[in-house]
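Undergrad: Give the three-dimensional model of this entry:
(2 chains)
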Amino acid sequence: MSYVRSLLASIRVGWARDFGWTNPILGFSLKTIAPIASTMTALTILYIGFRNGVSITPEKFPYQLGFIIIGATLYAHISAYSWVPTLAIAEGKWTFVFPQVYVSTRSSPPYLAGRCLASFASSTVTSIASLAVAVVISLLLFGVTIPLVVTPLSVVLFGFALVVNIFASMGLGFLLGAYAVFASKFEWALPTYVSGILMVFSEALFPVTSLPHPFSDIGNVLPFTEFIRASRAVLLDGSVGSYFYYLGLSFVGGIILLSLGLLAFKYSERRARRLGVLDRKVV
Amino acid sequence: MNPRASIWLKTVYARTWVRTKSIYGEPLWVAVNVGFPFFTSLALSLLYSSAGLKSGIGFAFLGGVMVSFWGNVLWSMASQFNWDKQQGLFELYITSPAPISAILIGMSLGGILGTAPSAVTLAIIGWVLFAPPANPLWPLVAVTFALTLASLYAMGMALSSLYLVYGREADSVNEALHEPVSFLSGVYFPASLAFPAALQAIALVIPLAVGMDALQRTLFNLNASGVADLSLVYRDILLLAIMGTTLLFAASKALKILEEKGRRAGTIAVRLR
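TA: Below you'll find the model as predicted:
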């Protein structure tokens, strides 16, 4: 029970950190603008390719726009909260919060999980808002209606997929956190690289099958790829069978990643304690 | 030499040296800074390819190069004084005889020199991996590039004076500004091929948008005829020169006003608000 209390307290800390400086509407608006803009960048490139290239037929174009809108917004969602543990540790070292959390009874994993969940909640709202706004802007800018399947069932299944993806994103977060415990310089560099790699390998913007072998295989085994595929299956193709297939793969991959992440984090925390670097700020 | 001019120049040199040394003294910075622009450019290049427009790959990598500088302007210019305040460095600036404008100019020069290695690395990687078709008009590219950086960093100086009155919200504002400005500026694509005329006209108030338009026109062929429309390039160059001068002047004025106001109210060095 006390773990749940630690988790809830950490969620509150995460919310206060993200929105304490302003009112929630302004805070959410500022957090929504960036994913809308990055999604629109990818859509505009596709539009230019459609107008000037040779690969996309007019019949395929609305579907392709939908493919990218879903992929780009979900990519932004994943990258927004999977690096929260790194941020919590790095920022926490500077503000003395992390050493205090470490010496408290429940230690750091519930704290980091709570921060992740707080970020998941806000990122879910901003991702759905940016998806909706990107659909409207596409209509205004390109004159194309995106054939999204929006029914009560598809919305519920999409929400369930977002929840299932928490395991994978949190797992990635703990893995990055395991590194951040030791880092006192460039701690944000690894999450930036991982985020960039995910943009290429998670099928956010284009099918990973277009990558050369063995890079396409790397993309195929990532739980994030399967999560984005499951979301597309239900929001774009309306195929519930494919949705459960991809979501099952995402769930299995997520559990494996979370287990690895927790193990790595516990190991690095113990080692960092022995080396005395838990509160080290500068090398 | 006039003592005021002498101290101004010495301050510029000192701040440039510190910022440059911080990058070149730690070569890992290049690898760190090149990461995200590289993967973004790579992903967008593959998107261009899958959309059947391999000739667009050059736009993706040019965008990556310019985003390195834009990120530097936002995070290492605009919000730098805010971070300096957190670390207690800003108090030293305002109590020393060093002019703030000279510190900002030094930061800009150091920022340009420090970002250059990662930007060049990215350009080389893009060229080696994809060899995008280009038809550069080098003298115009050089002029445009220099003026774009000048007006971008002048904007960074203007923003830094604005951020001086803000507290923690500076980071959130930066995060909110980065992507939308990149999108409206057509950093990764030619805006003239995608945006309606009204949107292009609005984007012309952003130095990055004007610079990107000129750079894309001077590096790649945007016309079906294969010949760059030089009248538009000259328009962009003129706009960049005007913007750079205006923003520099505005930054200097805003800094004086806000510094004076902050000193009177006693809030100029307050760390957390």
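Undergrad: Okay, strands next: where are they in chain A?
TA: With DSSP state E as the criterion, chain A has no strands.
Undergrad: Which parts of it are helices?
TA: Per DSSP state H, chain A carries helices over the ranges A:2-19, A:24-52, A:61-82, A:84-94, A:97-103, A:108-142, A:152-180, A:189-201, A:215-221, A:223-232, A:240-275.
Undergrad: Can you tell me the closest non-neighbouring residue to the residue of the stretch 1-150 of chain A found nearest chain B?
TA: Residue nearest to chain B within the stretch 1-150 of chain A: A:G49 (2.4 Å; CB to the nearest CB). Heads up, the C-betas are built off the backbone N, CA and C, glycines and all. Of all residues not flanking A:G49 in the chain, B:A51 sits nearest, at 2.4 Å (CB to CB, 6 or more residues apart in numbering or on different chains).
Undergrad: What does the one you found show for phi and psi?
TA: phi -90, psi 0 (degrees, to the nearest 10).
Undergrad: is it true that it touches A:V54?
TA: No. Using CB atoms under 8 Å, B:A51 is not in contact with A:V54; the gap is 9.3 Å.
Undergrad: These two: which is more packed in?
TA: B:A51 (26 against 10; other CB atoms under 10 Å in any protein chain shown).
Undergrad: per-residue confidence at B:Y13?
TA: Each residue has a pLDDT score; the one for B:Y13 is 96.
Undergrad: hang on, it packs against B:G106?
TA: Yes. With contact defined as CB under 8 Å, B:Y13 reaches B:G106; the gap is 7.0 Å.
Undergrad: So for those two, which residue has more residues nearby?
TA: B:G106 (24 against 13).
Undergrad: Now do the SS call for that one.
TA: With DSSP: H, G, I helix; E, B strand; the rest coil as the basis, B:G106 sits in helix.
Undergrad: so who does it touch?
TA: By CB atoms under 8 Å, 6 or more residues apart in numbering or on different chains, B:G106 lies in contact with B:T11, B:V12, B:Y13, B:A14, B:R15, B:T16, B:V18, B:R19.
Undergrad: how about a cut-off of 6 Å?
TA: Counting by CB atoms under 6 Å, 6 or more residues apart in numbering or on different chains, B:G106 touches B:V12, B:R15, B:T16.
Undergrad: what does chain A have sitting close to chain B?
TA: Counting by CB under 6 Å from any CB of the partner chain, the residues of chain A close to chain B are A:21, A:30, A:33-34, A:37-38, A:40-41, A:44-49, A:52-55, A:186, A:189, A:192-193, A:196, A:199-200, A:205-206, A:210.
Undergrad: at 7 Å instead, please
TA: Proximity of chain A to chain B, by CB under 7 Å from any CB of the partner chain, involves residues A:21-22, A:30, A:33-34, A:37-38, A:40-42, A:44-50, A:52-56, A:186, A:189, A:192-193, A:195-197, A:199-200, A:205-206, A:210.
Undergrad: In ChimeraX, how would I select the buried members of these?
TA: If you want just the buried ones from the residues of chain A next to chain B in ChimeraX, going by 16 or more other CB atoms under 10 Å in any protein chain shown, the selection is:
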select /A:21,30,33,34,37,38,40,41,42,44,45,46,47,48,49,50,53,56,189,192,193,195,196,197,199,200,205,206
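Undergrad: where in the chain is pLDDT low?
TA: Let's take chain A. Where chain A drops to pLDDT under 70, the residues are A:1, A:106, A:282-283.
Undergrad: wrong one, I was asking about chain B
TA: The model of chain B has pLDDT under 70 over residues B:167-168, B:221-228, B:268-273.
Undergrad: Spell out which parts of it neighbour chain A.
TA: B:28, B:32, B:35-36, B:38-40, B:42-44, B:46-48, B:50-53, B:56, B:168-169, B:172, B:175-176, B:178-180, B:182-183, B:188-189, B:193-194.
Undergrad: What residues does residue 174 make contact with?
TA: In the absence of a named chain, this looks at chain A. A:P85, A:L112, A:G261, A:L262, A:A264, A:F265 (CB atoms under 7 Å, 6 or more residues apart in numbering or on different chains).
Undergrad: hmm, I had chain B in mind actually
TA: B:N174 makes contact with B:L74, B:W75, B:A78, B:S79 under the criterion CB under 7 Å, 6+ apart.
Undergrad: With A:L260 instead?
TA: Per CB under 7 Å, 6+ apart, neighbours of A:L260: A:G171, A:L175.
Undergrad: any idea how far chain B is from it?
TA: 23 Å (CB to the nearest CB, to the nearest Å).
Undergrad: Over to A:G261?
TA: A:G261 is 21 Å from chain B, by CB to the nearest CB.
Undergrad: and which of the contacts of B:N174 is nearest B:Q216?
TA: Nearest to B:Q216 among those is B:L74, at 21.5 Å by CB to CB.
Undergrad: The closest one: how many residues sit nearby?
TA: B:L74, neighbours per other CB under 10 Å, totals 23.
Undergrad: contacting residues for it?
TA: B:N174, B:L177, B:H178.
Undergrad: Please convert the residues you listed to a markdown table, extending it with secondary structure.
TA: Below are the contacts of B:L74 laid out as a markdown table (three-state DSSP):
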| residue | secondary structure |
| --- | --- |
| B:N174 | helix |
| B:L177 | helix |
| B:H178 | helix |
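Undergrad: Pick out the residue nearest the middle of chain B.
TA: Taking CA atoms, centre = their mean, the centroid of chain B lies closest to B:W70, which sits 3.5 Å from it.
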